[in-house]
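Engineer: predicted model and sequence below, questions to follow.
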Amino acid sequence: MDSFLLISVVKAAVVFAVLMTTLAYLQWVERKVIAHIQVRPGPYRVGPHGLLQPLADVIKLLTKEDLIPPYVNKPLYLLAPFLAITMALLSISVIPFGPTIEIGGVRTWMQLTDLNIGVLFVLAVSSMGVYGIVLAGWASNNKYSLIGGLRSTAQMISYELPLSLAIASPLLISNTLSLRELVERQAGGIWSWNVFHGPFPQVFSFIIFLIAAFAETNRVPFDLPEAENELVAGFHTEYSSMKFASFFMAEYANMITVSCMATLLFLGGWVAPWPARYGSSLVPVAIFAMAGLVALYHGSRPARRRDRYSLPAFGILFLIAAAVFLLPIVQAWLLPLFWFCAKTGAILFAFMWVRGTLPRFRYDQLMGFTWKFLFPAAMLNLLVTGFLVAWVS
Amino acid sequence: MSDSLVPGITVLEDEQADTGARRMLLNMGPQHPSTHGVLRLAVELDGEIITKCRPDIGYLHTGIEKEFEVKTYAQAVTLTDRVDYLAPLSNNLGYALAVEKLLGLEIPPKAQWMRVMLVELTRLNSHLVWLGTHALDIGAMSVFMYCFREREEILKLFEMFSGQRMMTSYIRPGGLALEPPRGWAQRVKTCIDAFPSRVDEYEDLLTKNSIWMGRTKGVGFISVEDMLDLGVTGPMLRAAGLKTDARKDEPYSSYEKFDFEVPTRTEGDVYARYQVRLEEMRQSVRIVTQAIEGMPPGPWKAADQHVVLPDRERMKTQMEALIYHFKLVTEGFRVPEGEVYQVIESPRGELGFYIVSDGSSSPYRVHMRTPSFGNLQAVPRMVEGALIADMIASIGSMDFVLGDTDR
């Protein structure tokens, strides 16, 4: 019992620390990705290639004046960001990142807790997250915030329907609500993943899930609640300092959650695309070795003076990482983790790519899109999947 | 909402009053990301639908028209830059043409062609800023960066010609301010040759994008009759089907010698305005190319020594030239008594300069008929009954500059 408690605390601390760092660096990655789409360098001043920018941002946000406007509804105004960030972080607790891990003779799952209704838990908690935005919009007593809050209420409730329906189809195939078992049913390779899996490949529900996820997380092209050019900053107009940062982190945490969910539900979680005996375990080694060699090559002919030291340092780090992936002791848990991060990262990249490319929907078009197209499509998909599953079994 | 929503401070007091359960008064601007400067819109909302909208202008009023009266004709050029700060050279040209009409001054062909080239580059510059900010308003933020990348090249050209990126004051009564720099033709050509492919790039991102079409098609419609009543000119009018362009209708500065089209659409919505302006950019590229290729030789300023400053070389060596230089710089040139109205086609529409001279060396009165002021009158008719998002798209498509509106 004591060891269970200890392990849980350690796991919670590790997940929290990793998640917070990821949140900070996800924002750095996003700024870089969008900057490169827009032919500019992005953060560049703080640290090499702006790598310390997240740290600077955190310090800035922590030390900013924490302003509470006099006309707000104070209890709800203070509750809103707290609710948003709490709900966003809570859903991570049931997400499995990999299979069992053995450290010092202790075997444990790479997951905080394995609920047998994990999928429902994530849905429920993410629905609660809407309250943060609605309350922020209402309690701010600002007209832009109010419109933003109203928009997001309608939007998130509407998009939750196609989202849930899209999730239902892979659940029919896998016949479980536990996220860990869901992945175990998809073991074996790319053709066992729910996206491509027979009897009915879930490509459509994957796409519907992604579209609805964009709307759930208030990302472009569905970022109407905070449409900067219409509503200044939308529901968080009146928030500053760490309260603003809470909303900001909540948005990114939600992005991570839905990306993890997409990976677990449709892309086979931590399962490699093809079995290890055909060399899938060498993919990370190849990627890191390649990155290391490229960095070393450019370090040997530096474009700027400091590249002479920074690039070889990174190159050696990448080569060490490549070597670590060859060690049989760590391979058992590092490889699944790699595949999980790679798949989640690919989806996160799609989020950023879309943000750099698409304009924004109009409010009525957004609602029309979900009710007239997305919802019937998800319905139909579920119906067909249900029939096929019944027919096969 | 009472009629005290008519612009003024009273609106804010009125806002506190009970406006009924369903209506909300929203004050957009003057500090708002999408009002392009310091426009203030008092908007009455029913949910997301705008029931009433009153634009409130004047936050950038700088008294430029009055300032003209205490400057000499040559000094006043610098004021015209600051009216429409996105199209300084167009304003320079309008003013210079008006003064030259009063003086009865003949401008050598090279100066005229240089002016046409520079003004078309200005049109590109202005349209780029419009496209970038308009796309940003609708949420496509990469287009903004791409447009500013190209604009940077054009600003570098302006800097090469005049030493300034924005407040150029390069076109002056009597010709140009300075001799065109060495190698200008090559540099302008390099920049302009790459331009059509850049326009294609914007079109790839927007023209057939279904979200973009959904946001712009059928939005912000206003009929030709209404626009003529309100004094709307320029691309907005052409997007509704009326082919008016001062460059064709009343050619100035040898525009009649250039071969270009005046693009029109008939829909009169935001999308049509977008298409018209994009096509105008392609036409401007054509004009600039023709100007470079057919640039006539000769002097770049008029020969009249009573108006135009003498060359540096002559001023340093000849007594007469030195006296003229001194007289022109200290008291300026005198303009015969009379009044004149000169129209040009600025990137935004019809820009008119009305100058009254009392025979002295500074104007008695200068009035500008600025396109932004006329175009802005269309806001209420375009947006009432539409959604907030449509209002943003509509005012983005109008391409007004508040400096131009308020003067």
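Structural biologist: Ah, there it is. In this text the structure is predicted, and so the values were computed from the model without any measurement. Numbers count the residues shown, from 1 in each chain, chains lettered A, B, ... in the order given.
Engineer: find the least confident helix or strand in the chain, judged by mean pLDDT.
Structural biologist: Answering for chain A, as no chain was given. Lowest on mean pLDDT, DSSP states H and E among the helices and strands of chain A sits helix A:228-231, with a mean of 66.
Engineer: hm, I was asking about chain B
Structural biologist: In chain B, no helix or strand scores lower on mean pLDDT, DSSP H and E than helix B:10-16, which sits at a mean of 44.
Engineer: next secondary structure element downstream of that one?
Structural biologist: strand B:23-28 (DSSP states H and E).
Engineer: buried sites along that next one?
Structural biologist: When neighbours are counted by 16 or more other CB atoms under 10 Å in any protein chain shown, the buried residues of strand B:23-28 are found to be B:Met24, B:Leu25, B:Leu26, B:Met28. In this view, the C-beta of every residue, glycine as well, is placed from N, C-alpha and C.
Engineer: how about the nearest residue to the residue of chain B found nearest chain A, chain neighbours excluded?
Structural biologist: Per CB to the nearest CB, B:Gly139 is where chain B lies closest to chain A, at 2.9 Å. In space, not counting the residues next to it along the chain, B:Gly139 is nearest to A:Arg360; the distance is 2.9 Å by CB to CB, 6 or more residues apart in numbering or on different chains.
Engineer: kindly state the domain boundaries assigned to chain B.
Structural biologist: As assigned by automatic domain parsing, chain B contains the domains B:9-56, B:64-405.
Engineer: for A:Leu172, which of the ones you listed is the nearest?
Structural biologist: domain B:64-405 (31.6 Å; CB to CB).
Engineer: what about that closest one, how long is it end to end?
Structural biologist: With CA to CA, to the nearest Å as the measure, the first residue of domain B:64-405 is 11 Å from its last.
Engineer: try stretch B:188-208
Structural biologist: Counting by CA to CA, the length from the leading to the trailing residue of stretch B:188-208 is 31 Å.
Engineer: now swap in stretch B:307-322 and tell me
Structural biologist: 14 Å.
Engineer: who's in contact with that stretch?
Structural biologist: Outside of stretch B:307-322, the residues within contact range by CB atoms under 8 Å, 6 or more residues apart in numbering or on different chains are B:103, B:105, B:173-175, B:301-302, B:305, B:324-325, B:328-329, B:333.
Engineer: return only those of the buried residues of strand B:23-28 found close to chain A.
Structural biologist: For chain A, the contacts drawn from those by CB under 8 Å from any CB of the partner chain are B:Met24, B:Leu26.
Engineer: which residues of the stretch 251-393 of chain A fall in strands?
Structural biologist: Counting by DSSP state E, counting those that start in this stretch, one finds no strands in the stretch 251-393 of chain A.
Engineer: just the closest residue of it to chain B, please.
Structural biologist: Scanning the stretch 251-393 of chain A for proximity to chain B using CB to the nearest CB identifies A:Arg360 as nearest, at 2.9 Å.
Engineer: my read: that residue touches A:Arg219, true?
Structural biologist: No: the pair A:Arg360 and A:Arg219 does not pass the contact test of CB atoms under 8 Å, sitting 10.3 Å apart.
Engineer: of those two, who's got more company?
Structural biologist: A:Arg360 (26 against 19; other CB atoms under 10 Å in any protein chain shown).
Engineer: contacts only, for the more buried one.
Structural biologist: Going by CB under 8 Å, 6+ apart, A:Arg360 touches A:Val220, A:Pro221, A:Phe222, A:Asp223, A:Leu224, A:Ala227, B:Ile138, B:Gly139, B:Ala140, B:Ile211, B:Arg215, B:Ala389.
Engineer: how about A:Leu52?
Structural biologist: Neighbour list for A:Leu52: A:Val46 [criterion: CB under 8 Å, 6+ apart].
Engineer: that older thread, in JSON lines, list the buried residues of strand B:23-28 along with pLDDT.
Structural biologist: Conversion of those to JSON lines gives the following (pLDDT from 0 to 100):
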{"residue": "B:Met24", "pLDDT": "77"}
{"residue": "B:Leu25", "pLDDT": "81"}
{"residue": "B:Leu26", "pLDDT": "81"}
{"residue": "B:Met28", "pLDDT": "81"}
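Engineer: phi and psi next, for the residue nearest to A:Ser240 when sequence neighbours are not counted.
Structural biologist: Take A:Ser240 and drop its neighbours on the chain: the residue closest to it by CB to CB, 6+ apart is A:Leu67, 4.7 Å away. Here the main-chain torsion angles of A:Leu67 (degrees, to the nearest 10) amount to phi -90, psi 130.
Engineer: and what of the one 4 residues further on?
Structural biologist: Note on A:Tyr71: its backbone torsions stand at phi -100, psi 10 [degrees, to the nearest 10].
Engineer: what do you get for the one 10 residues further on?
Structural biologist: With angles defined as degrees, to the nearest 10, A:Pro81 shows backbone torsions of phi -60, psi -30.
Engineer: distance-wise, check the nearest residue to it once chain neighbours are set aside relative to chain B.
Structural biologist: Counting by CB to CB, 6+ apart, A:Pro81 lies nearest to A:Ser246, which is 3.7 Å off, once chain neighbours are set aside. For A:Ser246, the distance to chain B under the criterion CB to the nearest CB, to the nearest Å works out to 23 Å.
Engineer: count residues in the vicinity of A:Ser246, would you?
Structural biologist: A:Ser246 has 24 nearby residues by other CB under 10 Å.
Engineer: so for the helix or strand containing it, mean pLDDT?
Structural biologist: In the assignment (DSSP H and E), A:Ser246 maps to helix A:241-266. Across helix A:241-266, pLDDT averages out at 87.
Engineer: elements contacting it?
Structural biologist: Packed against helix A:241-266 by the contact rule (3 or more CB pairs under 8 Å, 6 or more residues apart in numbering or on different chains; DSSP states H and E) you find helix A:2-37, helix A:53-63, helix A:74-90, helix A:118-139, helix A:143-174, helix A:179-185, helix A:203-216, helix A:328-357.
Engineer: tell me the secondary structure at B:Glu339.
Structural biologist: Assigned by DSSP: H, G, I helix; E, B strand; the rest coil, the conformation of B:Glu339 is strand.
Engineer: now for it: which residues touch it?
Structural biologist: B:Glu339 neighbours (CB under 8 Å, 6+ apart): B:Tyr354, B:Ile355, B:Val356, B:Ser357.
Engineer: ranking the domains of chain B by mean pLDDT, which is last?
Structural biologist: When the domains of chain B are ranked by mean pLDDT, domain B:9-56 comes last with a mean of 71.
Engineer: distance from the chain centre to that one, please.
Structural biologist: Taking the mean C-alpha point of domain B:9-56 and that of its whole chain, the gap between them comes to 27 Å (CA atoms, centre = their mean, to the nearest Å).
Engineer: what of stretch A:371-386?
Structural biologist: The chain centroid and the centroid of stretch A:371-386 are separated by 25 Å, computed with CA atoms, centre = their mean.
Engineer: before we move on, what about stretch A:290-308?
Structural biologist: Average the C-alpha atoms of stretch A:290-308, do the same for its chain, and the two points are 31 Å apart (CA atoms, centre = their mean).
Engineer: likewise stretch B:288-296?
Structural biologist: Between the mean C-alpha location of stretch B:288-296 and the chain-wide mean there is a distance of 23 Å, by CA atoms, centre = their mean.
Engineer: also stretch A:196-212?
Structural biologist: Offset of stretch A:196-212 from its chain centre (CA atoms, centre = their mean): 18 Å.
Engineer: for it, buried residues please.
Structural biologist: Buried residues in stretch A:196-212, counted by 16+ other CB under 10 Å: A:196-197, A:200-202, A:204-212.
Engineer: got the contact list for that stretch?
Structural biologist: So stretch A:196-212 is contacted by A:159-160, A:162-163, A:165-167, A:169-170, A:173, A:186, A:190-191, A:194-195, A:261-262, A:265-266, A:347, A:350, A:370, A:374, A:377-378, A:381-382, A:384-385, A:388-389, A:391-392 (CB under 8 Å, 6+ apart).
Engineer: how about 7 Å then?
Structural biologist: When contacts are taken as CB atoms under 7 Å, 6 or more residues apart in numbering or on different chains, the neighbours of stretch A:196-212 outside the stretch itself are A:159, A:162-163, A:166-167, A:169-170, A:173, A:190, A:194-195, A:262, A:266, A:374, A:377-378, A:381, A:384-385, A:388-389, A:392.
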